[in-house]
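pasting the structure only:
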């Protein structure tokens, strides 16, 4: 079981089981939503329990995806394709230890020009 929360604690969550290896998304939408790139792990919706769900505000960032954040402190928490059985959870919101490691970078063609990716992990342009 893994626990996490937003910055102010109004939204708390638990995920049953091990966390899958996360990816880092450098697309423009993720960068604008988080203020940098987004690192998240995709878990089965059935394995996620959210306390304080009434404090999550959802933004439809595209026709197929909505993003959830705390309406009080603004913490970026969830990447949800409602038509699928999984949801992305922000790695930075988890308490340590997470027991997982970043696996790859995606949408690196859109990354910010102020940083380099130097960790040796696979990088997908799109």
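Right, received. Where do you want to start? These numbers come from a predicted model, not from an experiment.

residue 1 is in contact with residue 14, isn't it?
Yes - using CB atoms under 8 Å, residue 1 is in contact with residue 14, at 5.7 Å. All C-beta atoms are positioned from the backbone trio N, CA, C, and that covers glycine.

looking at those two, which is more packed in?
Shown here are residue 1 and residue 14; by other CB atoms under 10 Å, residue 14 has more neighbours (13 against 9).

so who does the most centrally placed residue in the chain touch?
Centroid-nearest residue in the chain, with CA atoms, centre = their mean: residue 90, separated by 2.8 Å. By CB atoms under 8 Å, 6 or more residues apart in numbering, residue 90 lies in contact with 4, 34, 38-40, 75-79.

now residue 74
Residue 74 is in contact with residue 7, counting by CB under 8 Å, 6+ apart.

now residue 124
Contacts of residue 124 (CB under 8 Å, 6+ apart): 104-108.

and it, what pLDDT?
pLDDT, residue 124: 97.

residue 2: neighbour count?
For residue 2, using other CB under 10 Å, the count is 22.

for it, name its beta-bridge partners.
Taking DSSP bridges as the rule, residue 2 bridges to residue 15.

I figured it hits residue 15, correct?
Yes - using CB under 8 Å, residue 2 makes contact with residue 15 at a distance of 4.7 Å.

circling back to that earlier point, pLDDT check: weakest of the contacts of residue 90?
Ranking those by pLDDT, residue 34 lands last with 94.

now do the helices in the protein.
With helices called from DSSP state H, the chain shows them at 28-34.

quick one: the strands in it?
Under the criterion DSSP state E, the chain contains strands at 2-5, 12-15, 23-25, 38-44, 48-51, 56-62, 65-70, 76-80, 86-90, 104-106.
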